[in-house]
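Undergrad: Next comes the sequence, and after it the predicted model I'd like to discuss.
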Amino acid sequence: MHLASSGRVIVRLSKIASAGQILCDEKNVKVAKVVELIGPVAKPYASAALMTNNIKKFVGKKVFALDNPPAKKNKEHKRKKKWKR
C-alpha cells in the first residue's frame, strides 16, 4: 500500500476487486474503500479512499478485501405525507 499525493492509497491487487469493496488489515480494521481499478489487467492496482485518520501505520503492510461489499442504500427518497390539522 502506498499513500499518493492526492490523499488516496494505491494498492497492488493479487485478486480482482470491485469498486466499493472495503479493504481491511489482519485485525479487520477498515482501512480504505476501493474507488477505481487502474493499471494492466494482469497486475491491477486499486485507488482507494481512506477510512482511517492514521494511515501511516498501514503504509507498506498487506491489506485484505472483505468478501461481501456493504449493501447499497436505496437512494430513492420517500415522499412525505402531509397531515391534515
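TA: Structure received.

Undergrad: Give me the most central residue, the chain.
TA: residue 33 (0.8 Å; CA atoms, centre = their mean).

Undergrad: Pull the residues that contact the strand ranked longest in the chain.
TA: The single longest strand within the chain, with elements called by DSSP state E, is strand 30-38. Strand 30-38 has contacts (CB atoms under 8 Å, 6 or more residues apart in numbering) with 1, 8-11, 13, 17-25, 44-52, 55, 58, 63, 65. For the C-beta atoms, the positions are set from N, CA and C on the backbone; glycine is no exception.

Undergrad: State the paired neighbours of that strand in the sheet, together with their directions.
TA: Strand 30-38 sits in its sheet next to strand 22-24 (antiparallel), strand 45-50 (antiparallel), going by DSSP bridges.

Undergrad: Dump the ones you listed to CSV, plus mean neighbour count.
TA: CSV is the format used below for the strands paired with strand 30-38 (neighbours: other CB atoms under 10 Å):
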stretch, mean neighbour count
strand 22-24, 20
strand 45-50, 19
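
Undergrad: Can you redo those strands as JSON lines, where the extra columns are mean pLDDT and distance to residue 82?
TA: As requested, these are exported to JSON lines (pLDDT from 0 to 100; distance: least, CB to CB, whole Å):
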{"stretch": "strand 22-24", "mean pLDDT": "89", "distance to residue 82": "40"}
{"stretch": "strand 45-50", "mean pLDDT": "90", "distance to residue 82": "39"}
